[in-house]
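In: Just the structure for this:
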Amino acid sequence: MGSLAFYPEEAPLARVRIDGFWIDEVPVTNREFAGFVADTGYVTWAEIPPDPKDYPGMLPGFDRAGSLVFQKSAVPVGTDDPSLWWAFEFGADWRHPYGPESSLEGLDDHPVVHIAWNDAAAYAAWACKDLPTEAEWEFAARGGLENAEFAWGDELAPGGAMMANYWQGLFPFANTLDDGWERTSPVRSFPPNGYGLYDMIGNTWEWTRDWWQEKRRAPSSCCAVNNPRGGRLKDSFDPDSNTVAIGRKVLKGGSHLCAANYCQRYRPAARHPEMIDTSTSHIGFRCVKRTSSSIA
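Out: Numbers count the residues shown, from 1 in each chain. Sure, this is the predicted structure:
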């Protein structure tokens, strides 16, 4: 588990032992999520106007439901200011992935997006499943390959073949669309990994159960770590404001916005923190079902 070749938060390397589990072959799709909503009446985080009491300093007029939508820049820009390509769109949600005027027409088999962590957890509970731990997710994404940088080997595009939906070209300005997709793609559009799993890399980021830690624990020199878990929310209390900070969970897999010049996280070892109350047009999820109850 981990990598020493890209970003510091992916270290250290660790040998990990995971109890048996089943994992969804593909990310949860719009069609599947619609079935959940139809059955339960569930309302996602992006569809609920935020309460200004929960967000001190909220700008006037921002107490409206919405979500973050990627907007390709019109000119080349630096990659140090995400506000240049992200916009909070009122009315954007899982039914309206690109903004209030958009719809799910033609997107039934695309991964559902604009999903906050609680939304993903609610779906998993309804399906009698769970969200994967970071270790489970990475184990599945590697597809049986050990120490390979990508889910299919050590070359990003072997022989020029596109193996996943990610950004080709200069992010966030020019996408050459070598993989055929500007945004999300239908699940199973690219080859599966060695375990027969699709879209573990690219397309959408995927939520895990684990709280974010900047550094994972250093492994023991003598033996594998059994069913490792990420951090806890225990250090999030701020005594000065008497509030509990909104926690961050681990995202895995990268998305269609990962590029060679920005966020090379289209790899099993890559990891990224995300606030649990945040939804975007490039975050989805998949579920697991374990063969034991070792994960509490």
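In: mind checking how far stretch 195-209 is from the chain centre?
Out: Remark: stretch 195-209 is offset 8 Å from the chain centroid, using Cα atoms, centre = their mean, to the nearest Å.
In: longest single strand anywhere in the protein?
Out: strand 205-211 (DSSP state E).
In: Against which helices or strands is that strand packed?
Out: Identification of packing neighbours for strand 205-211 by 3 or more Cβ pairs under 8 Å, 6 or more residues apart in numbering; DSSP states H and E yields helix 134-142, strand 248-252, strand 271-275, strand 283-284. The way it works is simple: take the backbone N, C-alpha and C, and place the C-beta from them, glycine included.
In: For the helix or strand just after the last one, name the packing helices and strands.
Out: Going down the chain from strand 283-284, the next helix or strand is strand 288-290, by DSSP states H and E. Secondary-structure packing of strand 288-290 (3+ Cβ pairs under 8 Å, 6+ apart): strand 21-23.
In: who does the strand it packs on pair up with?
Out: strand 288-290 (antiparallel) (DSSP bridges).
In: just to revisit the earlier point, average pLDDT for the longest strand of the chain?
Out: Strand 205-211 shows a mean pLDDT of 97.
In: what does that strand contact?
Out: For strand 205-211, the external contacting residues (Cβ atoms under 8 Å, 6 or more residues apart in numbering) are 27, 115, 117, 120, 130-134, 136-137, 229-233, 247-255, 272, 274, 282-286, 295.
In: before we move on, the earlier item: nearest to residue 192, out of the helices and strands packed on strand 205-211?
Out: Nearest to residue 192, of all those, is helix 134-142, at 11.2 Å by Cβ to Cβ.
In: Sheet-wise, list the partners of whichever helix or strand comes after that closest one with their directions.
Out: Counting by DSSP H and E, the element after helix 134-142 in chain order, helix or strand, is strand 169-170. Paired neighbours of strand 169-170 in the sheet (DSSP bridges): strand 174-175 (antiparallel).
In: And the contacts of the strand it pairs with?
Out: 72, 76, 167, 168, 169, 182.
In: and those residues, which are buried?
Out: The neighbour-count test (16 or more other Cβ atoms under 10 Å) applied to those identifies 167, 168 as buried.
In: Going by distance to residue 109, which of the contacts of strand 174-175 wins?
Out: Nearest to residue 109 among the contacts of strand 174-175, with distances taken as Cβ to Cβ, is residue 182, at 16.5 Å.
In: Quickly list what the closest residue to the closest one other than its chain neighbours is bridged to.
Out: Spatial nearest neighbour of residue 182, chain neighbours left out: residue 175 (6.2 Å); criterion: Cβ to Cβ, 6 or more residues apart in numbering. Beta bridges link residue 175 to residue 169 when assigned by DSSP bridges.
In: Please read off the pLDDT at residue 175 from the model.
Out: For residue 175, the predicted pLDDT is 97.
In: Residue 236 too?
Out: pLDDT, read off for residue 236, is 43.
In: one step back: closest to residue 95 among the contacts of strand 174-175?
Out: Checking these one by one against residue 95 (Cβ to Cβ), the nearest turns out to be residue 182, at 19.8 Å.
In: what mean pLDDT would you report for stretch 67-85?
Out: Rounded mean pLDDT across stretch 67-85 is 95.
In: residues making contact with that stretch?
Out: Residues contacting stretch 67-85 (Cβ under 8 Å, 6+ apart): 46, 86-89, 92-93, 97-99, 114, 170-175, 183, 257, 261-262, 278-282.
In: Nice, that's everything, thank you.
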